[in-house]
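K.L.:
Requesting a structural model of the entry that follows:
(chains A and B)
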Amino acid sequence: MSVPSATRAAAATPPDTAAPATGRAARTRRRLLGLLALLVLLGAACAASIAVGSRPLGPGTVWEALTDRSLRTEEAVIVWDLRVPRTVLGLMVGAALGVSGALIQGHTRNPLGDPGLLGITAGASFAVVLAIVLLGVGTPAGYVWFAFAGALAGTVAVYVLGSAGRGGPTPVTLALAGSALSALLFALVRAVLVSDSDSLDAFRFWVVGALAGRGADVAWQVAPFIAAGLVLALLNAPALDLLGMGEDVARGLGQRVWPARLVGLGATTLLAGAATAACGPIAFVGLVVPHAVRAFTGPAHRWLVPCAGLLGAVVLLAADVVGRVVARPGELQVGIVLALLGGPAFVALVRRRRTAAGL
Amino acid sequence: MTTAAPRTRPAPTTGPDGPVRLAAEGVRLAYDDRVVVDGLDLRLTDGSFTAIVGPNGCGKSTLLRALGRLLRPQAGQVLLDGRSIARAPTREVARVLGLLPQTPVAPAGLTVADLVARGRHPHQSWLQQWSTQDEAVVAEAMAWTGTGDLADRPVDELSGGQRQRAWISMALAQGTDLLLLDEPTTYLDLSHQIDVLELVSRLHAERGRTVVVVLHDLNLAARYAQRLVAMRDGVLVASGTPHEVLTEQLLADVFDLEARVVPDPVAGTPMVVPVRRLRR
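P.N.:
Prediction:
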């Protein structure tokens, strides 16, 4: 990387440990640059998310509406009641998905881990279908609690199933249990939907994954869960570094395994559950974002976890903005945009990782 | 470094060759309901270098896991410096006892320097994250094992021998008096097996580590270890110096092997020359 000499001085401070220190300094520089780039991108994504919409507003109008809260024009209402809550929600959900993906991949030591792996998505979907069909719930704010409960129940069920065999839960048994439970629950979801066409319309808008139509009330509902999840995730990051070397090595280095696993599982459920509850199942963010971030953070979770949160927010907001632009005057749901863009992005990442193996 | 006796811990039982650092007392070890080891006693004295040998499935790795607190005995107990290891805080144990499982796997992209740095984990806390002393210990560990040149290389891209050196550096940086190694020479060619065992032997001789190692190769075990522990079907059959343990009778009893035992022309330690497998 071509980096100006600004950080050279920092690299030269530890004088006696020359060889490891230079490598470490170069990497720290790379990580800080990556972090800075993410913050800039996040600012740009937020700005775009507030400035761009299906209703064209000039930047001046948007700025005026943002800075002068006494304004009650139609434009000001669009900005404050639609775009700002939507941006805040996108920020939270994107960060939650990115961080939960990093946690799941770390805990299962499975590079293909994502919130779908632990039964979170399937559990939430099933609960939302039940809420729609049996209780007639019809608004996203109403789904939230059911989706959240379903996500939690799904995780716990996967955990119990995965622990049933000899020797307790392992990454492999958890992944198997997650796949099995997801298949079962999605089959039930389809069975319910096939028999009830009225529910289908309400459900399919949720299941496609969208930020649109979720107001500030949804954002407020999930905010405490996401905040708690993010704090737990950051606390869990150092333990993940040790668990990444295998449980035996981690224990040998003084890491208590089960408390760390429980904190990680709790954080994952809170984050992915809240995100799914608010916006429906959104694929690829949890899967791709940690991989992309690893390119500059390396496997150190102290960096990986927060950076995955930032990039997750950037990706979700950017995809949402793209969805508002490409199908004017209508909108493409963010879940669809992400699925369309995420597939090729993942293929590119896998290829790049393979070719960069000799680095 | 045999004077580096246990510090302010409860008075340990003293064996014939010094204070006992690590002991198994009547341990029953099992995975669920499959009992692998039952009622086994073993005492490891300070500054000793012990190799556990035995046929596949005899429970030697299981015993090592129990000694390293990775497996909790169903009965009996493991004592570290006279205290039950199961009741000691994990981090405290990790400052005294280090272990390397068989063929450990580092996460993709983790550099050697980072791997070795993780050995400092038991010495860090939320308040004290990374000190200059940690930095110095890590650099010294890598210099001592000859992995300094590999510092910025990812562990998963190293050769088997280099990788094992990197892991041993981590164990060295952990700075524990005791070190348990489960088959550290697996998948290595003979010259790298010698390389790794020389390194472990120097850890014992120069750094005063009390070493317990599970080994398959009897000749290498006899050459490098001071004491051998032979196991069969979860039972400790013999324990003592290589000369005491590696007899033709024991090879028949433990390994079902007819063999001649001759002096190793290089080291003078017993050397096993197999004749044929005995049918039971």
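
K.L.:
State the helix or strand in which residue 99 lies.
P.N.:
As the question left the chain open, I've gone with chain A. Element membership for residue A:99 (DSSP states H and E) is helix A:84-108.

K.L.:
actually it's chain B I care about, not the one you picked
P.N.:
For residue B:99, the host element (DSSP H and E) is strand B:97-100.

K.L.:
Please name the bridge partners of residue B:37.
P.N.:
Beta bridges link residue B:37 to residue B:29 when assigned by DSSP bridges.

K.L.:
isn't it right up against residue B:52?
P.N.:
No - counting by CB atoms under 8 Å, residue B:52 is not a contact partner of residue B:37; they are 11.4 Å apart. Quick note: C-beta positions are derived from backbone N, CA and C, even for glycine.

K.L.:
Residue B:186 in helix, strand or coil?
P.N.:
coil (DSSP: H, G, I helix; E, B strand; the rest coil).

K.L.:
how close does it get to chain A?
P.N.:
From residue B:186 across to chain A, the span is 15 Å (CB to the nearest CB, to the nearest Å).

K.L.:
how near is that residue to residue B:139?
P.N.:
Residue B:186 sits 28 Å away from residue B:139 when distances are taken as CB to CB, to the nearest Å.

K.L.:
got any residues that touch both of residue B:37 and residue B:52?
P.N.:
Common contacts of residue B:37 and residue B:52 (CB atoms under 8 Å, 6 or more residues apart in numbering or on different chains): residue B:63.

K.L.:
higher neighbour count, these two?
P.N.:
In terms of neighbours (other CB atoms under 10 Å in any protein chain shown), residue B:52 is the more surrounded of residue B:37 and residue B:52; the figures are 28 against 25.

K.L.:
tell me the contacts of the more buried one?
P.N.:
Contacts here follow CB under 8 Å, 6+ apart; on that basis residue B:52 touches B:60, B:63-64, B:212-215, B:228-229, B:231.

K.L.:
Repeat that for residue B:217.
P.N.:
Going by CB under 8 Å, 6+ apart, residue B:217 touches B:185, B:193.

K.L.:
Was I right to think residue B:213 contacts residue B:185?
P.N.:
No - assessed by CB under 8 Å, residue B:213 is found out of contact with residue B:185, at 9.0 Å.

K.L.:
Which of those two has more residues huddled nearby?
P.N.:
residue B:213 (27 against 24).

K.L.:
Phi, psi for the more buried one please.
P.N.:
Phi and psi for residue B:213, reported as degrees, to the nearest 10, are phi -130, psi 140.

K.L.:
residues touching residue 80, list them.
P.N.:
Picking chain A for this. Taking CB under 8 Å, 6+ apart, we find residue A:80 in contact with A:65, A:69.

K.L.:
was after chain B, sorry
P.N.:
Taking CB under 8 Å, 6+ apart, one finds B:21-22, B:88, B:93, B:96-97, B:178 in contact with residue B:80.

K.L.:
what do you get for residue B:169?
P.N.:
B:112, B:115-116, B:119, B:141-142, B:144-145, B:147.

K.L.:
and if we set it to 10 Å?
P.N.:
Residues in contact with residue B:169 (CB atoms under 10 Å, 6 or more residues apart in numbering or on different chains) are B:112-113, B:115-116, B:119, B:138, B:140-148, B:150-151, B:199.

K.L.:
What of residue B:116?
P.N.:
A:20, B:137-139, B:141-142, B:145, B:147-148, B:150-151, B:155, B:166-174.

K.L.:
can you do 8 Å?
P.N.:
B:138, B:141-142, B:147, B:166, B:169-170, B:173.

K.L.:
Which one of those residues sits in the busiest neighbourhood?
P.N.:
Neighbour-wise, the contacts of residue B:116 (other CB under 10 Å) top out at residue B:170, 32 neighbours.

K.L.:
Not including adjacent chain positions, what is the nearest residue to it?
P.N.:
Leaving out its chain neighbours, the residue that sits closest to residue B:170 by CB to CB, 6 or more residues apart in numbering or on different chains is residue B:119, at 4.0 Å.

K.L.:
wait, residue A:104 sits on residue A:121?
P.N.:
No - here residue A:104 lies out of contact with residue A:121, judged by CB under 8 Å, at a distance of 11.6 Å.

K.L.:
okay, and the common contacts of the two?
P.N.:
Counting by CB under 8 Å, 6+ apart, the shared contacts of residue A:104 and residue A:121 are A:115, A:272.

K.L.:
Could you count how many residues lie near residue A:27?
P.N.:
Look at residue A:27: counted by other CB under 10 Å, it has 19 neighbours.

K.L.:
Who are the contact partners of it?
P.N.:
Applying CB under 8 Å, 6+ apart, the residues near residue A:27 are residue A:298.

K.L.:
and it, what element?
P.N.:
Residue A:27 is part of helix A:18-51, with elements assigned from DSSP H and E.

K.L.:
Please indicate which of the contacts of residue B:169 are buried?
P.N.:
Buried members of the contacts of residue B:169, counted by 16 or more other CB atoms under 10 Å in any protein chain shown: B:112-113, B:115-116, B:119, B:138, B:141-142, B:144-145, B:147-148, B:150-151, B:199.

K.L.:
List the contacts of the residue most central in space within chain A.
P.N.:
By CA atoms, centre = their mean, chain A has its centre lying nearest to residue A:97, at 1.1 Å. For residue A:97, the contacting residues are A:115, A:271-272, A:275, A:282, A:285-286, A:289, A:312, A:316, by CB under 8 Å, 6+ apart.

K.L.:
Closest to chain B out of those residues?
P.N.:
The nearest member of the contacts of residue A:97 to chain B, counting by CB to the nearest CB, is residue A:289 at 16.6 Å.

K.L.:
Leaving out chain neighbours, which residue sits closest to whichever residue of chain A sits closest to chain B?
P.N.:
Closest residue of chain A to chain B, CB to the nearest CB: residue A:254 (3.0 Å). Sequence neighbours aside, residue B:94 is the residue nearest to residue A:254 in space, at 3.0 Å (criterion: CB to CB, 6+ apart).

K.L.:
avg pLDDT for the helix or strand where that neighbour lies?
P.N.:
Per DSSP H and E, residue B:94 falls inside helix B:90-96. Averaged across helix B:90-96, the pLDDT comes to 93.
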